[in-house]
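Participant: Sequence first, then the predicted structure, then my questions.
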Amino acid sequence: MNEVNELKIFSENIKGKIIFDYDLKKTNWFNIGGIAKAYFKPESLSELIAFLKKFGSKEKIFVLGAGSNVLIEDNYFKGVIIKLGKNFSNISLLTETTLVAGSATIDKKLSEFACKNNIGGFEFLSCIPGTIGGGLRMNSGCFHKEFKDILLSIQAVDKDGKILTIPSSKIKFTYRGNDLSKDIIFLSASFKGKFEDKQIIQNNINSLKVKKDQSQPTKIKTGGSTFKNPKDQTNEKVWELIKKSVSLDTKFGGAEISKKHCNFFVNKNNATFTDMKNLIDFVKQSVKSKTGIDIETEIEIVK
Ligand SMILES: Cc1cc2nc3c(=O)[nH]c(=O)nc-3n(C[C@H](O)[C@H](O)[C@H](O)COP(=O)(O)OP(=O)(O)OC[C@H]3O[C@@H](n4cnc5c(N)ncnc54)[C@H](O)[C@@H]3O)c2cc1C
């Protein structure tokens with residue numbers, strides 16, 4: 001039996017959904033992407049485990065959060081995209097200052113929940129448009145705070161369907177990354193904050209949002225920061241390097257550089273994957289030849 005038929009039989013026996021030949025364009029902030037062989041939205045953890053036990057080692061799998069840090073190729077994706085939905089987005093209090101959130105929880109929701117419960121330390125999450133799963137993978141952060149600063153432990157499942165609990169102390173975090181296997185799927189995480197009055201927390205959130213809105217574009221088709229700051233090579237921010245190396249009017253097809261923040265690239269006019277990739281490559285090469293510095297993408301290219 002071929003793999004598509006096996007997936008079809010599996011999908012007939014579950015409550016969740018497997019959609020075949022799924023258009024990935026609408027799944028990500030860039031609005032770019034091709035057709036995936038299958039798109040799986042498990043209804044429950046047991047369904048996800050059953051799927052992994054059967055297909056975890058033979059299918060190419062990519063887990064998608066809110067799609068705010070990915071640039072997806074527009075060729076056919078020969079595998080299964082897994083999207084964790086609302087049953088993976090519960091938030092609950094463990095103690096007065098610790099809480100647990102499902103990996104499909106939107107960062108902003110966790111920040112709001114913490115505020116409502118007088119738990120400070122989660123304010124920065126109100127400025128990151130991803131999910132907890134994406135934030136754990138990326139060690140996302142802003143305003144001098146990263147996921148690692150509030151994380152206690154992660155619950156995950158490996159590609160054989162085995163559940164793992166990983167304490168934060170066992171994870172080596174880096175700037176926008178960590179040493180965890182790419183093969184594991186995060187299910188939930190527990191976090192620690194500190195007791196603080198909700199009005200003070202709300203004021204902090206409001207002022208961070210104002211700062212963010214002043215410096216970065218928000219309501220556009222973008223993947224956020226395209227490149228990481230090359231901290232090991234220079235103290236200059238990557239946007240400063242881009243600004244002095246490239247004309248900010250540079251365009252490739254529908255792909256442009258944001259006028260508000262030159263490290264944000266925008267799908268302005270039905271850009272294809274190739275348009276965006278050409279813009280990324282051009283900027284990277286221009287920075288290298290002008291400054292001698294190698295810059296690395298922060299957004300993930302999904303093939
Ligand atoms: C307007 C804008 C502003 C942004 N501002 C910031 C910022 O201030 N700071 C910052 O750090 N980032 C920022 N970003 C980037 C992005 O929001 C973060 O990287 C975010 O944490 C990605 O989360 P996501 O759910 O969208 O992940 P996705 O983009 O869907 O995926 C990113 C990675 O996480 C993996 N992943 C997602 N869920 C899981 C899971 N459950 N298990 C295992 N792996 C998983 C994916 O496989 C992929 O490797 C911004 C992006 C935009 C568009």
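Facilitator: Alright, I've got the coordinates.
Participant: Please name the nearest non-neighbouring residue to the most centrally placed residue in the chain.
Facilitator: With distances taken as Cα atoms, centre = their mean, Gly134 lies nearest the centre of the chain, 3.4 Å away. In this structure, Gly134 finds its nearest non-sequential neighbour in Gly65, 3.4 Å apart by Cβ to Cβ, 6 or more residues apart in numbering. C-beta: built from backbone N, CA, C; applies to glycine.
Participant: Can I get stretch 98-110 in PDB, CA atoms only?
Facilitator: The C-alpha trace of stretch 98-110 is given here as PDB (Å, rounded to 0.1, in the frame of the first residue of the first chain):
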ATOM      1  CA  THR A  98       3.900  29.100  37.900                       C
ATOM      2  CA  LEU A  99       1.700  28.100  35.000                       C
ATOM      3  CA  VAL A 100       1.500  25.600  32.200                       C
ATOM      4  CA  ALA A 101       0.600  26.400  28.600                       C
ATOM      5  CA  GLY A 102      -0.200  24.100  25.600                       C
ATOM      6  CA  SER A 103       2.200  24.600  22.700                       C
ATOM      7  CA  ALA A 104      -0.500  25.900  20.400                       C
ATOM      8  CA  THR A 105      -1.200  28.800  22.800                       C
ATOM      9  CA  ILE A 106      -0.700  32.200  21.200                       C
ATOM     10  CA  ASP A 107       2.100  34.000  23.100                       C
ATOM     11  CA  LYS A 108      -0.200  37.100  23.600                       C
ATOM     12  CA  LYS A 109      -2.800  34.900  25.300                       C
ATOM     13  CA  LEU A 110      -0.300  33.600  27.800                       C
END
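Participant: quick one: that stretch to chain centroid distance?
Facilitator: 14 Å (Cα atoms, centre = their mean, to the nearest Å).
Participant: quick one, strands of the stretch 201-303 of the chain?
Facilitator: 222-225, 251-252, 255-257, 264-267, 300-302 (DSSP state E, counting those that start in this stretch).
Participant: got the contact list for the lowest-mean-pLDDT helix or strand in the chain?
Facilitator: Sorting the helices and strands of the chain by mean pLDDT, DSSP states H and E puts helix 3-12 at the bottom, at a mean of 91. Contact with helix 3-12 is made by 1, 17-18, 20, 37-38, 50-51, 54-55, 58-59, 80, as judged by Cβ atoms under 8 Å, 6 or more residues apart in numbering.
Participant: From those residues, which land in strands?
Facilitator: Lys17, Ile18, Phe20, Lys37, Ala38, Val80 (DSSP state E).
Participant: and stretch 175-187 with the ligand, contact?
Facilitator: Yes. Under the criterion of Cβ under 6 Å from any ligand atom, the ligand is reached by stretch 175-187 at Ile185, Phe186.
Participant: Just the CA trace of stretch 154-171, in CSV.
Facilitator: Only the C-alpha atoms of stretch 154-171 are listed here, as CSV (Å, rounded to 0.1, in the frame of the first residue of the first chain):
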residue,chain,number,x,y,z
ILE,A,154,9.0,21.3,28.4
GLN,A,155,6.8,18.3,27.7
ALA,A,156,7.3,16.9,24.2
VAL,A,157,6.8,13.8,22.1
ASP,A,158,9.4,12.2,20.0
LYS,A,159,9.0,10.7,16.5
ASP,A,160,8.2,7.3,17.9
GLY,A,161,5.4,8.7,20.0
LYS,A,162,7.3,8.6,23.3
ILE,A,163,6.5,11.4,25.8
LEU,A,164,9.5,13.3,27.2
THR,A,165,9.8,15.8,30.0
ILE,A,166,12.8,18.1,29.6
PRO,A,167,13.8,20.5,32.5
SER,A,168,15.0,23.9,31.3
SER,A,169,18.3,23.3,33.1
LYS,A,170,19.1,20.4,30.6
ILE,A,171,18.6,22.6,27.6
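Participant: one step back: now the residue nearest to the centre of the chain, what are its backbone angles?
Facilitator: With angles defined as degrees, to the nearest 10, Gly134 sits at phi -60, psi -40.
Participant: which ones are touching Gly67?
Facilitator: By Cβ under 8 Å, 6+ apart, the contact set of Gly67 is Thr27, Asn28, Trp29, Phe30.
Participant: filter those down to the ones near the ligand?
Facilitator: Trp29.
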